[in-house]
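K.L.:
have a look; sequence and predicted model below, questions after that.
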Amino acid sequence: MGYVIEVAKQGDADRFFGLYEKYINELAAMSGDGANDVGYFRGLFDSYTSGAIPGVGLFAVEDGRTVGVALWGAASSEEDFAYGWGVYTIESHRRQGISTALRERAITELDRMGVQAAIGVVLISNKQGCESSRANGFTPTHILASMDIAEQADRIARSCERKSFYWEGDCPLCGRENQ
């Protein structure tokens, strides 16, 4: 069976951070930085799921098991751009398009919220992350990568027919019923 992408709701924090915390720890190990501020990201997650700040938490679910997560959104209600805080897929499910699906769903959700751009940090030592970010619309600028949300949402809309399995119910881009 394939996977589906679900939007996190209020009350999903423990489920989300069961996997996202692994991502934070892997980044800390790759960078050599011991910083692990899960509390900051929990605050953002709560703000996104309550609608206080534009942003989204996502799950990739296969056979009832969470195999990937993503957290994208603004750092405050005053910002008109988002951060790609992170996309994480469990090791056994990497290189199967799940990170792309999570990233594309985050883009479409942020586009609907009126967010114009996204930036993110990808560690040079994270070769798969660098490769995936470039392939999915980020333009490297030193250590930061930036993205035009509307441009990428248009690209996704043009290809939504072949990706209908990413969405729950009707396609959020074209309204077509998921088969």
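P.N.:
Structure's in. What do you need? Numbering: from 1, shown residues only.

K.L.:
which of the residues in the longest helix along the chain are buried?
P.N.:
The longest helix of the chain (DSSP state H) is helix 13-31. When neighbours are counted by 16 or more other C-beta atoms under 10 Å, the buried residues of helix 13-31 are found to be 13, 16-17, 19-21, 23-24, 27. (Each C-beta comes from the backbone N, C-alpha and C, glycine too.)

K.L.:
farthest pair in those?
P.N.:
Pairwise distances across the buried residues of helix 13-31 (C-beta to C-beta) peak at 19.2 Å, for the pair 13 and 27.

K.L.:
so which of the buried residues of helix 13-31 comes closest to residue 98?
P.N.:
Closest to residue 98 out of those is residue 19 (11.9 Å), distances taken as C-beta to C-beta.

K.L.:
quick one: contacts for that closest one?
P.N.:
Applying C-beta atoms under 8 Å, 6 or more residues apart in numbering, we find residue 19 in contact with 66, 68-69, 88, 90.

K.L.:
quick check: of those, which has the highest neighbour count?
P.N.:
residue 69 (27 neighbours; other C-beta atoms under 10 Å).

K.L.:
so is that one in a helix, a strand, or just coil?
P.N.:
Put simply, residue 69 is strand when judged by DSSP: H, G, I helix; E, B strand; the rest coil.

K.L.:
pretty sure residue 84 is touching residue 106, no?
P.N.:
Yes - between residue 84 and residue 106 there is a contact at 7.3 Å, judged by C-beta atoms under 8 Å.

K.L.:
compare these two and say which is more crowded by neighbours.
P.N.:
residue 106 (28 against 24).

K.L.:
dig out what the residue lying closest to that one once chain neighbours are set aside forms beta bridges with.
P.N.:
Excluding the flanking residues, the one nearest residue 106 by C-beta to C-beta, 6 or more residues apart in numbering is residue 72, at 4.0 Å. Here residue 72 sits in beta bridges with residue 56, residue 84, as judged by DSSP bridges.

K.L.:
distance check, residue 72 against residue 98.
P.N.:
15 Å (C-beta to C-beta, to the nearest Å).

K.L.:
ranges for the helices of this protein?
P.N.:
Counting by DSSP H, the helices of the chain are 13-31, 38-50, 98-112, 127-135, 149-158.

K.L.:
to residue 4, which of those lies closest?
P.N.:
Residue 4 lies closest, by C-beta to C-beta, to one member of those: helix 98-112, at 9.1 Å.

K.L.:
counting by contacts, list what that closest one packs against.
P.N.:
strand 3-7, strand 55-62, strand 65-73, strand 81-89, helix 127-135, helix 149-158 (3 or more C-beta pairs under 8 Å, 6 or more residues apart in numbering; DSSP states H and E).
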